[in-house]
Each structure stands twice: as structure tokens, then as C-alpha cells.
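Q: The sequence isn't on hand, but the structure is:
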């Protein structure tokens, strides 16, 4: 049973697993996308996303913490340089996993894991600045402004109906003319 099992051990001892995830994270930061199995990609996502969040704060302490995980100076420069500047306004979700089918040899599920902000296909090759949105109810001031416009529209609609009632139809005019003629004859 898997009661309380929070980490996928990937069939490896601890030291081997940490070394593998460190190497995969360095490759992901360097090449911006790598092909691997789905299980390894999910483990890598949990491993690398906190490091990218840490890279947003460019301080000596955060560099040392990230270096203790990755152990490659060139990757640290890349992470704290181009990657952190691209993901500066993103509140999380720096990676994307796209399934690519099964591997022919052993039928393992394969996928491509990539950094979201470096895919030109989805971003159309241009940097898109998103405005921060907040979910909240409309304020009462906007509701007050809308209500007079609605009332004016209703008044305008009612006015023609009042005028049309005051006008007599041609059939009514003929009847009133006939009744006037009878009164004259009498």
C-alpha cells in the first residue's frame, strides 16, 4: 500500500535519485525542454519549480541554496539570468508536461517537459504582458451608475405607447363623424 508515500522513488536509492533529478533539472534549464518518461517528469516538476521560485530573488543566499541542489555554475548563471527575468511576473507553474506517446522498446509513457515562457509556439514569438487580475465582486458605485441608464430606457419605451393611445384610429374617426352627422340631421 502507499499510505503516506509522498515521493516517487523512481526505483532508485536516494543518492542516485537526487543526482538524476539534479542532472535533469540542469538539462531543463539549459535546453528549455527535454524528453523523458511521465513519472520522471512529474518528479522533476516538483524538484525544479521551487528552485525557479528561489531564483526570482537574486541574492547570495538564494544562489547558494540553488547551487546546493544543482551543483553547476553555468546553470546557476542561466537560471538567475535569462530564466528568472522571463518568469519574474509569473506566480508559479513554470513548467508544462506534454505527453508524446509510448516508447517502442518497453512501452513506457513518454512526454516532453518544458519551461512555459520559452515556447514560441504558444506565445507566438512575442512577450505578452498580462495584467494582474483580482477576483472580486463589482463595487456598488458601478451598480448605481448603471441603474439611471436603465430607467431612462424604460421611460423612452413607455412614451410612444402613451402617445399611440391618445391618437384615434381612422375607423373611430368615421364613427364619430357619422354620429355628428346624425346629430345635425336631427
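A: Everything's here; your move. Nothing here was measured: the structure is a model prediction, and the numbers come from that model.
Q: What segments of the protein are helices?
A: 14-31, 38-55, 60-70, 73-78, 84-86, 120-123, 140-166, 170-185 (DSSP state H).
Q: So for the third one, what gets flagged as buried?
A: Using 16 or more other C-beta atoms under 10 Å as the test for burial, helix 60-70 gives 62, 63, 66, 69, 70. Where C-beta positions appear, they are placed from N, C-alpha and C, glycine not excepted.
Q: Return the member of the helices of the chain having the minimum mean pLDDT.
A: Per-segment mean pLDDT for those reaches its minimum on helix 140-166, at a mean of 51.
Q: Tell me which residues touch the nearest residue to residue 93 once chain neighbours are set aside, please.
A: Spatial nearest neighbour of residue 93, chain neighbours left out: residue 116 (6.7 Å); criterion: C-beta to C-beta, 6 or more residues apart in numbering. The contact partners of residue 116, by C-beta atoms under 8 Å, 6 or more residues apart in numbering, come to 87, 90, 93, 94, 95, 96, 122.
Q: May I see those organised as JSON lines, with distance to residue 6 added?
A: Output for the contacts of residue 116, formatted as JSON lines (distance: C-beta to C-beta, whole Å):
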{"residue": "87", "distance to residue 6": "26"}
{"residue": "90", "distance to residue 6": "25"}
{"residue": "93", "distance to residue 6": "20"}
{"residue": "94", "distance to residue 6": "21"}
{"residue": "95", "distance to residue 6": "19"}
{"residue": "96", "distance to residue 6": "23"}
{"residue": "122", "distance to residue 6": "31"}
